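# need a 3D model of the sequence below.
(3 chains, ligands or ions: 2)
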Amino acid sequence: MQIKPILAAMRHHKAGTVLIALQIALTLAIVCNALFIIQQRTARVSRPSGVEETDLFVIRSDWADKSDPRRIDAQMQADLIALRQLGSVQEASSTNSFPLRGTGWDNFIKLQPDQVKMTTDAAIFFADERTLAALGTRLVAGRNFTAGEIGAQQPRDALHSAQVIISKALAERLFPQGSALGKTIYVSMGRTPSTVIGITDTLQAHMTGSWANPYAYNAVLIPARLLNDYTYYLVRARPGQLAAAMRDAPKALYAQSRMRIINAKDGVMSFAQVRRRAYERDVGMAILMGIISVVLLAITAAGIVGLTSFWVGQRRKQIGVRRALGATRGDILGHFLTENLLIGIGGVLIGAVLAVGINLWMVAQFEMARLSLAYVVAGVVALLLLGQGAVLAPALRASRVSPVEATRSV
Amino acid sequence: MFAYYLQLGLRSLRRSPMLTALMVMAVGFGVAASMITWSVFRAVSGDPIPGKSAQLYTVLIDNRGPQYNDNGEPPEALTYTDATALVAAGKAAHQTLFYNVAPSVLPEGNQSLPFIANGYATNADFFGMFDVPFEYGGGWHASDDAGRAAVAVISHELNQQLFGGADSVGREITMDRHTYRIVGVAAHWDPKPRFFDLFSGNAFGDPVQLYLPFARAVDVQMDTAGRNNCGSNADFGVGRDAWLHGECVWVPMWVELPDPAAAKGYREFLTNYAAEQQRAGRFHWAPNVRLRDVNDWLDHMRVVPPESRISLMVALGFFVICLVNTIGLLLAKFMRRAAEIGVRRALGAPRLEIYHQFLVEAGTVGLAGGVLGLLLTALGMFGVGLLFEPEIARLAHLDLSLVATTLLVAIVATVLAAFYPTWRAARVQPAWQLKSN
Amino acid sequence: MLKMTHLSKVYRTEVVETYALRDFNINVKEGEFVAVTGPSGSGKTTFLTIAGLLETFTGGEYHLDGVEVSKLDDNARSKIRNEKIGFIFQAFNLIPDLNVFDNVEVPLRYRGMKSAERKQRIMEALERVGLASRAKHYPAELSGGQQQRVAIARALAGSPRLLLADEPTGNLDTQMARGVMELLEEIHREGATIVMVTHDPELAARAQRNVHIIDGQVVDLSEDPRFHAAHAAADQAHG
Ligand SMILES: Nc1ncnc2c1ncn2[C@@H]1O[C@H](COP(=O)(O)OP(=O)(O)O)[C@@H](O)[C@H]1O
Ligand SMILES: [Mg+2]
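Ligands and ions are numbered 1, 2, ... in the order given. Coordinates of the predicted model:
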């Protein structure tokens, strides 16, 4: 294959060559970053929650009468008994929040009472002895709360919990060497220590924002019912009976008392819905980037087809002459493929630099992660293949030009 | 001449339908992607109160000190103590404070179930400062704040739900088992982003349903349904009272200052207030206060979701690529007609007429691309609802200005893209014709 | 009408300089019919393109209708081409996208003529070349001779005072060539100035005057043996 006539031809179509190279470069830059965003978002979405999600659902009950905390406490206990009695329900527990909820109560965690800066941040989950069973989360060390240890408190009371269960990630963050079991930590702003009596397996916090990434698996379980304006019930249906339980549970609660509000829209949510809501933005972003990448590649390929077809059309006579002078079909095909490869290489070189540049800018602007070079390499290969694929049809057409064309005028 | 060129352009586009379709699609997809993401972006980044955004300021005071504050920034709202003291001082033209409430509302008639309504416990100045429009009645008076009156303003939507849209001024509404007399019904009002309530993350939240006096809500121990941020500095004692008078921040405060001089004066007042607290022994640090106007506050709180910004940027990049693509295809299309251009030039067409002819042709491609883009945008608006959470998605809507922008952007962009190919076309030498046979 | 003195035209490429015309002198009077002959590559087409203001020249002077044209800008040159000059090309050069009517219309469009007048002129021109019935046909549907007649109609429609033809019969058979020639003679009789490049000694002989170009220069016809040979051939053909 001779490179020289190809370079000569490219010089003859300077503008077209530059435009294709530019298009490849920009496409590479955007597709690389889009794929990277997709990967990041899907990685987030597919993080484990540490919760046995099938058959789990949550109910939010707002109290119509908030005036008496003792009444609320009594109502919560009665509600739990009613829920557990349902045939479709396997386990029920009350809490203020749960993994992936989005908003909730998070507290700074310290190792010393007079520490100025926090050691880390963690979600506060009010729990009872049934919470772990309802979530389907195992303990990896220590013991669960006993029924006798479960107290009650109002939201404006400081957390004074002598005993807490913490998540594995929090335990490892607080006590990197050795077990956290039996150690004391400071969960509230106060000076009262809490002893770690149990450590759960992986358990995700309610925070899903990117600011909370370092704390995403930090959770503290407090053995108390929170007597707030509302409460959540975590309900585990018997296997396969989720739909029935989701229908039965609110009815059972209303049968207990009508002085409550269970929002028709999102008062009862399966955990699948909770998950969908938590990651809506991430999934949306990934899909959008996916659509843009696909359309972009298609348009770039179509652009290459269009421009190369034009060149082939323009050079028909020339090709005919070459054929008449003994060039084989393979030579002609090779000419166009090589030409495209050269343009493509030029494009991807610029594109790779652009891709990294755009990523660095996004890192600075949006606290995104650094683009892994594997994406650039994959993008480069994909675009070169795309170029070769796109050029194939017009190149084949060129190779089929008959030597007779040489003799035709105009 | 325009009609002639339009006719020529259409004819030429029909001659190579594949190439034309390709260009139209490139422009259509590019403009649609840009318009969809832009419509979301413009909704989340717009000025929510255009006439007044430079006169409304949120007030912030550092009550935590350099050890505990957020890299030197005061917390994002005030303590109850500071907010009530500053409002009572009345040093600004208008001042308001509020916190989020979510009382249970019991509709009249014993068949109805209670429901939760969201709203603000605030003061009389709120309505005037934030330009709340009224359908019936109006806001309450400052005397109602002082008298801790049991009055309420409800939204158009809540009025619809409770009273079927009738003039309900003077009627009663039961919230958390207390009754309030309705003094006003607001017309539909839902500024986006809801700049004054960024502290609780309600920039794009559901519209507000009711308002009641701040002092009254505190009296009946209505708890905040918004954010409560206690930092990590001290022991706050036990119970509601200790919390209320403690150092947790949960009350956003806004002042209206008509001109820079007033703002300067208020800043001085604020600094003096903090200095006073220091003298009294409450703060152990020099005054650290902020006065941020609406746009400054929106910036500071990063209201525009990064997703929206990134999508817009990626979409614009996409559009640029589509245009580069269009430049290439137009170049091919125009240069294929070098012979025709040569003949036209030989027959006396001035360069300008060649420009004219080919830009009109590009314009028709742009117009077709714009129409396709419009269809795709409409489709995309529907898709945005599937892709993004409803709070953001419902902000994007196809209005007349978006339709006009879409078409205009498509045409202008395509004509701009056509400049290089057209310049090349106009450069074709008339003599080319005679020499090339 | 058309006067070139010491005119030169140099083509510069990266490697060579080609003198297409050098010290080129010619004077064509109003109403003359001049045939230009010469070997291939001698500069005939270059002369025509410069004469028709399609190209600029390197040195010397060119007066068209008494106007020194090297000072004119592109717009003024376009205007003169459009109003005073008609072109007939060897390869016809019709616009394939346009039908016969629209092709003939092209120069009139740039003249800003009213639609009714355009239509009348086009139909007259097509009438003259005998193709009025083919107004709606596309070039590809016509024979070579018909295409050239359309090209002539296009040149005529603007009533040019100067008609430039570059081997107008080069792509036609003898029969068609004769038809085209007759048409040109008729136009000439009506007062147009015609400069025609041709290879065909028979056609050249039918012009009022012959100009011979060799190596970019007009040569004295009486001193060139090839001219005598051509004349002899033409005489035979006529005789
Ligand atoms: N555009 C051009 N660039 C370079 N050389 C040219 C160009 N046009 C013509 N020439 C050269 O000028 C000379 C005269 O060409 P031309 O006028 O076309 O001759 P003819 O029409 O008599 O065959 C030739 O040597 C040709 O190669
Ligand atoms: Mg020639």
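
# what's the local residue count around residue B:241?
Other residues near residue B:241 number 11, with proximity taken as other C-beta atoms under 10 Å in any protein chain shown. Every C-beta, even on glycine, is put in place using the N, C-alpha and C of the backbone.

# could you do residue A:277 as well?
As a measure of burial, residue A:277 has 17 neighbours, counting by other C-beta under 10 Å.

# okay, it: pLDDT?
pLDDT for residue A:277: 90.

# and the residue in chain B that chain C sits nearest to, backbone torsions?
Proximity of chain B to chain C (C-beta to the nearest C-beta) peaks at residue B:348, 2.3 Å away. Main-chain torsions, residue B:348, degrees, to the nearest 10: phi 110, psi 10.

# could you measure from it over to residue C:99?
Taking C-beta to C-beta, to the nearest Å as the measure, residue B:348 falls 20 Å from residue C:99.

# got it, and residue B:200?
For residue B:200, the distance to residue C:99 - C-beta to C-beta - is 71 Å.

# quick check, residue A:164 in a helix?
No - counting by DSSP: H, G, I helix; E, B strand; the rest coil, residue A:164 is not part of a helix but strand.

# quick check: it touching residue A:196?
Yes - Residue A:164 lies in contact with residue A:196 (C-beta atoms under 8 Å); the separation is 6.1 Å.

# partners of residue 59 in the sheet?
Defaulting to chain A. residue A:233, residue A:268 (DSSP bridges).

# wrong one, I was asking about chain C
Beta-bridge partners, per DSSP bridges, of residue C:59: residue C:8.

# per-residue confidence for it?
Residue C:59 is given a pLDDT of 92.

# check the one 4 residues further on too.
Residue C:63 carries a pLDDT value of 94.

# what do you get for residue C:118?
Reading off the model, residue C:118 has pLDDT 92.

# distance of residue A:321 from residue A:402?
Distance from residue A:321 to residue A:402, by C-beta to C-beta: 12 Å.

# give me the more crowded residue out of these two.
Neighbours were counted for residue A:321 and for residue A:402 using other C-beta under 10 Å; residue A:321 has more, 16 against 13.

# please pull up the helix or strand immediately following the helix or strand hosting that one.
In this assignment (DSSP states H and E), residue A:321 forms part of helix A:316-324. Note on helix A:316-324: by DSSP H and E, the next helix or strand toward the C-terminus is helix A:329-366.

# so that next one versus helix A:316-324, what angle?
Orientation of helix A:329-366 against helix A:316-324 (axes from the mean of the first three to the mean of the last three C-alpha atoms, to 10 degrees) gives an angle of 130 degrees.

# returning to what we had before: mind listing what's buried in the helix holding residue A:321?
A:316, A:319-323 (16 or more other C-beta atoms under 10 Å in any protein chain shown).

# ditto for stretch B:46-62
For stretch B:46-62, a neighbour-count test (16+ other C-beta under 10 Å) marks B:48-49, B:52-62 as buried.

# about what we covered before: looking at residue A:164 and residue A:196, which has the bigger crowd around it?
Between residue A:164 and residue A:196, counting by other C-beta under 10 Å, residue A:164 is the more crowded of the two (26 against 23).

# how about that one: what's its closest non-neighbour residue?
residue A:194 (4.5 Å; C-beta to C-beta, 6 or more residues apart in numbering or on different chains).

# need the overlap of contacts for residue A:164 and residue A:196.
Counting by C-beta atoms under 8 Å, 6 or more residues apart in numbering or on different chains, the common neighbours of residue A:164 and residue A:196 are residue A:185.

# rewinding a little: is it true that the residue of chain B closest to chain C touches residue C:83?
Yes - contact criterion C-beta under 8 Å: residue B:348 and residue C:83 qualify, at 7.1 Å.

# which residues are common contacts for these two?
C:111, C:158.

# can you list the weak-confidence ranges in the stretch 101-250 of chain B?
By pLDDT under 70, the low-scoring segments of the stretch 101-250 of chain B are B:110-111, B:232-237.

# please, where are all the helices along it?
Secondary structure of the stretch 101-250 of chain B by DSSP state H, counting those that start in this stretch: the helices cover B:125-129, B:142-146, B:156-163, B:214-219, B:239-244.
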